[in-house]
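> got a predicted structure here, sequence first:
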Amino acid sequence: MHSAKTPSNTLVLEFKEDAALTEMMRLRVSSLQRSGQKRQDGERLLLPHEAVYRLDFPVQELNFSRWYFSLIAYGRVNITGISQHWTPDLTNLMTRQLLEPIGTFWRNAADPEDSPLKWLEADMQEFGERIAELAKVRKVMYFLFAFKDGAEAANLSCSVEFTPDK
């Protein structure tokens with residue numbers, strides 16, 4: 001969203017896919033399908049176009065600054081934060097653990113490839129502030145990234161900039 005150089009007093013954290021966790025959640029879905037069981041009441045299963053990403057916080061006292069987001073070609077990416085320190089090896093992901101608002105970035109198929117991405121600015125600002133608030137009590141935070149309308153993980157770069165709280 002912004003391509004300017006970051007000042008030295010900022011911290012830019014890149015969202016990284018957690019391939020092992022994504023695979024574990026996919027195995028949960030296939031296990032339920034094979035056994036003919038239903039999901040637990042309120043459980044949030046991973047959809048085929050979703051992956052789990054994470055942010056690791058080296059410090060906890062942060063203020064949100066801005067998003068950096070690039071998407072080659074077109075499509076839509078929805079980012080949903082997970083509110084509590086989720087322990088997927090012990091508990092299933094529940095819908096009540098998902099944060100609002102979600103972050104959404106997109107470029108329509110009819111738009112030129114070099115056109116700027118679109119996003120809901122107020123929602124993205126609030127979402128960034130929530131992430132900074134939750135960073136105060138954890139060292140890692142998980143997110144669901146949903147790739148829609150032609151968007152692909154390989155064409156995505158997403159990070160968030162914070163300033164340390166003094």
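Thanks, I have the structure now. No experiment lies behind these values; they were computed from the predicted model shown.
> when you work out contacts or count neighbours from here on, use the C-alpha atoms and nothing else.
Fine.
> tell me the pLDDT at A4?
pLDDT, A4: 45.
> for the helix or strand harbouring E129, which outside residues touch it?
Following DSSP states H and E, one finds E129 within helix 121-135. With CA atoms under 8 Å, 6 or more residues apart in numbering as the test, helix 121-135 has contacts from 57, 59-67, 81, 83, 100-104, 141, 160, 162.
> buried residues in the longest helix seen in the chain?
In the chain, assigned by DSSP state H, the helix with the most residues is helix 19-35. By neighbour count with 16 or more other CA atoms under 10 Å, helix 19-35 contains the buried residues L21, T22, M25, R26, R28, V29.
> please work out the average pLDDT along it.
For helix 19-35, the mean pLDDT works out to 93.
> helix or strand right after it?
Following helix 19-35 toward the C-terminus (DSSP H and E): strand 50-56.
> how much does that next one deviate in direction from helix 121-135?
If you take axes from the mean of the first three to the mean of the last three CA atoms, to 10 degrees, strand 50-56 sits at 60 degrees to helix 121-135.
> helices or strands up against the next helix-or-strand element following strand 50-56?
Sequence order places strand 62-71 as the next helix or strand after strand 50-56, per DSSP H and E. Using 3 or more CA pairs under 8 Å, 6 or more residues apart in numbering; DSSP states H and E as the contact definition, the elements that strand 62-71 packs against are helix 121-135, strand 156-164.
> nearest to A73, out of those?
Closest to A73 of the helices and strands packed on strand 62-71, according to CA to CA: strand 156-164, at 9.7 Å.
> for the closest one, which strands pair with it and how are they oriented?
strand 11-14 (antiparallel), strand 62-71 (antiparallel) (DSSP bridges).
> low-confidence ranges, the protein, go.
1-8, 84-86, 89 (pLDDT under 70).
> now E161. Nearest residue, chain neighbours left out?
Spatially, and ignoring its direct neighbours in sequence, E161 is nearest to V12 (4.3 Å; CA to CA, 6 or more residues apart in numbering).
> from D114, how far out is that neighbour?
Distance, V12 to D114, using CA to CA, to the nearest Å: 24 Å.
> and these two? Which one has more around it.
Under the criterion of other CA atoms under 10 Å, the comparison of V12 against D114 puts V12 first, with 15 against 11.
> how many residues are close by the closest residue to N9 other than its chain neighbours?
Distance criterion CA to CA, 6+ apart; nearest residue to N9, sequence neighbours excluded, is T163 at 6.5 Å. T163 has 18 neighbouring residues, counting by other CA under 10 Å.
> I'd say T163 and Q60 touch.
No: contact status for T163 versus Q60: not in contact, 10.9 Å apart, counting by CA atoms under 8 Å.
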